[in-house]
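> generate coordinates for the sequence data below:
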Amino acid sequence: MKMQHHRRISLLLAVLLVIGVGTAVPLVGFVSAEAVGVTAAYENNVSLSAAEITKGQSVTISSHVSGGVSPYRYAYYAKKASSEKWTTVKGFSTASSVKFTPAAAVAYDIKVVAKDAQNNVTETLRTLKVSPALVNNSKVSKTAVTLGSTVTLKGSAKGGSGSYTYAYYWKRASASSWVTLKGYSNTASADFKPGAAVDYDLMIKVKDSHGMIEKSTFALKVYPKLVNRSSATPAEIEKGEQVKLVGAAKGGAGDYRYSYSYKRSSDTSWRLLQSYSETDQITCQIDAVGAVQFLIKVKDSLGTVSSKTITVKVFEGGVNAQIDEVLAGIITPEMSEFDKVKAIHDWLLNNVQYDESAYSAGGAPETSYTVEGLLETGLAVCDGYAKTFQLMAERAGLEAIRVTGQAMSPYGSLESHAWNQVKVDGQWYNMDVTWDDPVVSEDYGDNRCYTYFMVPDSMIAGTHQASSDKKTCTAPQPVEKLLPLLLAEEEQNNQPFVYCENEEAFKSAVSHIDGDTTQTTTIVFRTDMSVSDAFKLVQQNRPSTTVGYRMGMGGKEWKLSGYLYVTVTIIVSA
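Here you go, the predicted model:
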């Protein structure tokens with residue numbers, strides 16, 4: 001009788017059962033093939049959860065039997081492909097799957113033996129490739145930094161199945177949960193900037209194409225921000241005196257080292273006094289006049305550097321006390337920077353005369369070029385004005401520089417000249433006290449002039465050419481601050497006094513002058529016209545009168561550019 005593959009066969013049997021002698025009973029029934037020793041064929045479909053894994057990973061071996069007679073029993077074996085010896089992973093049991101963790105990064109043969117209830121056996125073979133173990137070679141750029149620094153986490157790996165991806169994490173050492181800095185990607189680095197001066201933990205995970213993950217953790221110590229507390233004393237000295245430089249710091253990783261450099265304000269590069277060392281104090285003698293800058297650098301044990309620049313003002317010997325005495329009489333604590341500049345400007349114009357001997361054959365004496373000479377004689381040329389203005393401004397707490405170059409003379413030629421630039425409320429302005437001095441400009445009489453008071457480059461570009469270093473001055477002249485002050489002075493010194501914003505207001509003011517009273521009316525008005533044209537307007541708008549009068553006129557450019565100063569004198573006829 002022939003068996004069909006993969007099918008169970010039932011046989012219909014007709015049997016005569018003899019009961020007793022000569023008695024036969026026919027019995028018809030169904031009996032399974034097993035009952036007569038006939039077994040249905042079966043097979044085992046074996047699968048691996050992965051055909052390739054990384055050393056350290058496990059693979060699941062699963063059996064799926066069809067056919068045969070249940071229940072089934074299974075045995076699992078493994079061996080290196082290069083070996084003949086099988087190792088039992090799990091002996092016969094009813095377990096239809098088992099986990100296998102290879103011990104080496106080689107190719108393996110996997111064998112599964114399945115046995116049914118009648119001990120019929122089938123064997124199935126599979127192969128497994130095991131890659132070398134995944135090794136996390138990641139690192140961090142630093143394990144200790146000062147607050148404000150950045151640490152780079154660098155992902156790196158070898159082994160495994162390749163095609164690595166990386167993920168980056170951080171947490172405070174005192175915390176239990178990690179914060180994702182950057183999720184899995186093929187980016188091999190990520191930057192971390194600590195937000196507090198505490199200890200941190202950093203972690204880098206590496207994943208290969210099989211999903212194998214290895215992690216590396218690092219401890220990061222973050223020190224407080226390095227603060228440079230160095231000093232230079234005194235802040236103001238006379239030429240030839242010494243400055244004491246003291247290196248000091250707090251925060252950082254400690255073990256501080258200091259370096260010291262200096263330069264004049266007009267220099268572009270630093271000159272080294274002492275390279276990095278543990279010396280925290282040095283002295284330096286200053287033999288130049290003006291602002292001298294000192295650069296003190298502090299470096300901690302991690303190599304973090306904090307720099308501090310300190311300016312020391314150096315003056316001509318013997319003049320500091322005299323300048324301070326002058327300033328004490330014109331500067332008050334509540335003054336703004338603008339007020340201080342105006343007070344210094346006005347003091348120079350009221351107390352100094354231009355030394356006109358500069359135009360003689362022998363020229364001006366040396367004293368007219370110095371601060372000492374100006375204070376002693378009250379005479380100076382442009383360089384004396386400029387040096388004194390700078391010294392007074394700096395000792396009053398302002399930042400000022402002296403500019404040298406050429407300027408247009410009254411005769412149309414370029415001559416050597418010096419002027420200043422001063423910083424007020426964060427903006428730089430040009431200052432030419434010499435050209436504002438009424439001694440040079442005879443037409444102004446004894447009045448102070450503000451034509452070159454805190455003006456931008458555009459207002460002096462046609463007359464001044466600098467050859468020394470200078471600042472760029474773009475801020476407009478602060479007329480809104482200056483005008484009310486100057487008008488108040490005029491009103492105090494001249495009565496009656498009228499200010500006019502334009503020519504129409506000027507004509508109206510002239511026509512309303514009292515023509516029946518002898519008096520001189522002073523008018524300041526904003527205009528671009530000439531003095532002679534202003535006189536014509538006065539004539540055209542003569543004041544009315546009942547008694548008759550004689551009229552006199554005077555005029556000149558006023559203290560600010562764009563304004564005229566006109567006097568109209570009424571003399572009532574006898």
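> show me the shaky parts of the stretch 351-500 of the chain.
359, 361, 439-447 (pLDDT under 70).
> quick one: the helices in it, in order.
Counting by DSSP state H, counting those that start in this stretch, the stretch 351-500 of the chain has helices at residues 371-377, 382-395, 433-436, 479-493.
> quick one: buried residues of the longest one?
Of the residues in helix 479-493, those buried under the neighbour-count criterion (16 or more other Cβ atoms under 10 Å) are 479, 482-483, 486-487, 490. Just so you know, the C-beta spots here come from the backbone N, C-alpha and C atoms, and that holds for glycine as well.
> same question for the first one.
Neighbour-count burial for helix 371-377, counted by 16+ other Cβ under 10 Å, picks out 371-375.
> cool, stretch 74-88 as well?
74-78, 80.
> turn these into JSON lines, including pLDDT, secondary structure and distance to Arg271.
Formatted as JSON lines, those follow (pLDDT from 0 to 100; DSSP: H, G, I helix; E, B strand; the rest coil; distance: Cβ to Cβ, whole Å):
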{"residue": "Tyr74", "pLDDT": "97", "secondary structure": "strand", "distance to Arg271": "87"}
{"residue": "Ala75", "pLDDT": "97", "secondary structure": "strand", "distance to Arg271": "87"}
{"residue": "Tyr76", "pLDDT": "97", "secondary structure": "strand", "distance to Arg271": "81"}
{"residue": "Tyr77", "pLDDT": "97", "secondary structure": "strand", "distance to Arg271": "82"}
{"residue": "Ala78", "pLDDT": "97", "secondary structure": "strand", "distance to Arg271": "77"}
{"residue": "Lys80", "pLDDT": "96", "secondary structure": "strand", "distance to Arg271": "73"}
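> nearest to Val130, of the buried residues of helix 479-493?
Set against Val130, the nearest of those by Cβ to Cβ is Val479 (87.0 Å).
> who are the contact partners of that closest one?
Val479 makes contacts with Leu560, as judged by Cβ atoms under 8 Å, 6 or more residues apart in numbering.
> nearest to Ala105, of the helices of the stretch 351-500 of the chain?
helix 382-395 (76.8 Å).
> what helices or strands is that closest one leaning on?
In this structure, helix 382-395 packs against strand 305-315, helix 320-330, helix 337-351, helix 371-377, strand 399-408, strand 414-424, helix 433-436, with contacts taken as 3 or more Cβ pairs under 8 Å, 6 or more residues apart in numbering; DSSP states H and E.
> how far off centre is the second one?
This points to helix 320-330. Distance of helix 320-330 from its chain centroid, counting by Cα atoms, centre = their mean, to the nearest Å, is 41 Å.
> now do the longest one
Offset of helix 337-351 from its chain centre (Cα atoms, centre = their mean): 38 Å.
> got the angle for that helix vs helix 382-395?
Counting by axes from the mean of the first three to the mean of the last three Cα atoms, to 10 degrees, helix 337-351 lies at 140 degrees to helix 382-395.
> for helix 337-351, list every residue counted as buried.
Those would be 337-349, for helix 337-351 by 16+ other Cβ under 10 Å.
> how about stretch 223-242: buried residues?
In stretch 223-242, counting by 16+ other Cβ under 10 Å, buried: 223, 226, 228, 230, 232, 237-239.
> please read the previous query as pertaining to stretch 389-397.
Buried, per 16+ other Cβ under 10 Å, within stretch 389-397: 389-396.
> ok, stretch 255-265 next?
256-263.
> narrow these to those in helices?
Judged by DSSP state H, helices contain none of those.
> and of those residues, the nearest to Ala188?
Comparing these against Ala188 with Cβ to Cβ places Arg257 closest, at 34.6 Å.
> so the closest residue to the closest one other than its chain neighbours: helix, strand or coil?
In this structure, Arg257 finds its nearest non-sequential neighbour in Tyr276, 4.4 Å apart by Cβ to Cβ, 6 or more residues apart in numbering. Following DSSP: H, G, I helix; E, B strand; the rest coil, the label given to Tyr276 is strand.
> for Tyr276, what are its contacts?
Contacts of Tyr276 by Cβ under 8 Å, 6+ apart are 257-259, 297, 299.
> got phi/psi on Lys90?
Backbone dihedrals for Lys90, given as degrees, to the nearest 10, come out at phi -160, psi 130.
> who does it bridge with?
Beta-bridge partners for Lys90, by DSSP bridges, are Tyr76.
> pLDDT score assigned to the residue nearest the centre of the chain?
Central residue of the chain (Cα atoms, centre = their mean): Gly148, 11.4 Å from the mean position. pLDDT for Gly148: 89.
> surely it is in a strand?
No. Read with three-state DSSP, Gly148 is coil and lies in no strand.
> what sits against the nearest residue to Tyr369 once chain neighbours are set aside?
Counting by Cβ to Cβ, 6+ apart, Tyr369 lies nearest to Asp383, which is 4.6 Å off, once chain neighbours are set aside. For Asp383, the contacting residues are 369, 404, 418, by Cβ under 8 Å, 6+ apart.
> the second one contacts Gln421, correct?
No. Counting by Cβ atoms under 8 Å, Thr404 sits too far from Gln421 to count as a contact (11.6 Å).
> picking that back up, just the closest of the buried residues of helix 479-493 to Thr54, please.
Among those, Val479 lies closest to Thr54 (Cβ to Cβ), at 80.0 Å.
> if I look at that closest one, how far off is Glu337?
Val479 sits 17 Å away from Glu337, taking Cβ to Cβ, to the nearest Å as the criterion.
> same check on Tyr549?
48 Å.
> look at the residue lying closest to Ala343 once chain neighbours are set aside and report its pLDDT.
Of all residues not flanking Ala343 in the chain, Ile330 sits nearest, at 4.5 Å (Cβ to Cβ, 6+ apart). As predicted, Ile330 sits at a pLDDT of 97.
> residues contacting Ile330?
By Cβ under 8 Å, 6+ apart, Ile330 lies in contact with 343-344, 346-347.
> for those, give me CSV that also has pLDDT and distance to Ala104.
Formatted as CSV, those follow (pLDDT from 0 to 100; distance: Cβ to Cβ, whole Å):
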residue, pLDDT, distance to Ala104
Ala343, 97, 92
Ile344, 97, 89
Asp346, 94, 96
Trp347, 96, 95
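> farthest-apart pair in the residues you listed, please.
Ile344 and Asp346, at 7.4 Å, using Cβ to Cβ across the contacts of Ile330.
> residues in contact with stretch 290-299?
By Cβ under 8 Å, 6+ apart, stretch 290-299 touches 226, 228, 230, 232, 243, 245, 247-249, 252, 256-266, 270, 276, 284, 286, 305-314, 390, 394, 401-402.
> mind giving me the domain ranges of the protein?
As assigned by automatic domain parsing, the chain contains the domains 1-32, 42-131, 135-223, 231-311, 320-477, 486-572.
> quick one: end-to-end distance for the second one.
The reference is to domain 42-131. For domain 42-131, the first and last residues are 35 Å from each other (Cα to Cα, to the nearest Å).
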